[in-house]
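# next input, structure requested:
(one chain, ligands or ions: 1)
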Amino acid sequence: MNTSTHSIGDVTSCDHSQSWVYTDVVKDHFFHPRNFVQDEEEVNIFEGHGQYGSPACGDEMHVWIKVDPDSKRITDFKWRTFGCASAIAATSIASEIVLENGGMTIEEAKHLKPQTIIERLGGLPNRKIHCSVLCDKALLKAIEDYENR
Ligand code: FES
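Got it, this is the predicted structure:
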């Protein structure tokens, strides 16, 4: 078996030029995604839906939000993607960030940065950074949809 220095990561790229190391937080959110939509029936009553695709890989992200009409806080955040492990982990943790402490306000959620998501994951491999922007872009579109209704 080849035990070259390129195999130290969990996944090694096919050209063996770069190892991809996923943190335990990424792995936890990938294997146990939070707020993932199992059945689209459950998001029928949500007030905002956003969809965003990554031209880099052809993947797609859907986000649904529920908003408290008085406080304008996001009280529920569900999502579904055809993206990779990094996209799944990034969106799972983003849903927790948005919902923690009673939920972000719409204005706070508009400023959720990919960097915050990546930091909470303990980092992502460089070539997977674009996967983390799928969820904040889809969230922005869901907020736009909510505001236009
Ligand atoms: Fe396409 Fe990560 S979402 S490579």
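
# can you give me the strands in this protein?
Ranges of strands in the chain, per DSSP state E, are 11-12, 19-20, 48-54, 59-67, 74-81.

# for residue 149, find the nearest of those.
Checking the strands of the chain against residue 149 by CB to CB gives strand 48-54 as the closest, at 7.4 Å. No exception for glycine: its C-beta is placed from N, CA and C like everyone else's.

# what's the closest one packed up against?
strand 59-67, helix 129-148 (3 or more CB pairs under 8 Å, 6 or more residues apart in numbering; DSSP states H and E).

# tell me which of those sits most buried.
Neighbour counts (mean count of other CB atoms under 10 Å) averaged over each of these peak at strand 59-67, with a mean of 23.

# end to end on stretch 42-50, go ahead and measure it.
By CA to CA, to the nearest Å, the extent of stretch 42-50 from end to end equals 16 Å.

# cool, stretch 98-118 as well?
14 Å.

# which parts of it are buried?
98-99, 103-104, 106, 109, 112, 114, 117-118 (16 or more other CB atoms under 10 Å).

# output those residues as a markdown table; include the columns distance to residue 23 and pLDDT.
Shown next, in a markdown table, are those (distance: CB to CB, whole Å; pLDDT from 0 to 100):
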| residue | distance to residue 23 | pLDDT |
| --- | --- | --- |
| 98 | 20 | 98 |
| 99 | 21 | 98 |
| 103 | 26 | 98 |
| 104 | 24 | 98 |
| 106 | 30 | 98 |
| 109 | 24 | 98 |
| 112 | 20 | 96 |
| 114 | 16 | 93 |
| 117 | 13 | 96 |
| 118 | 10 | 95 |
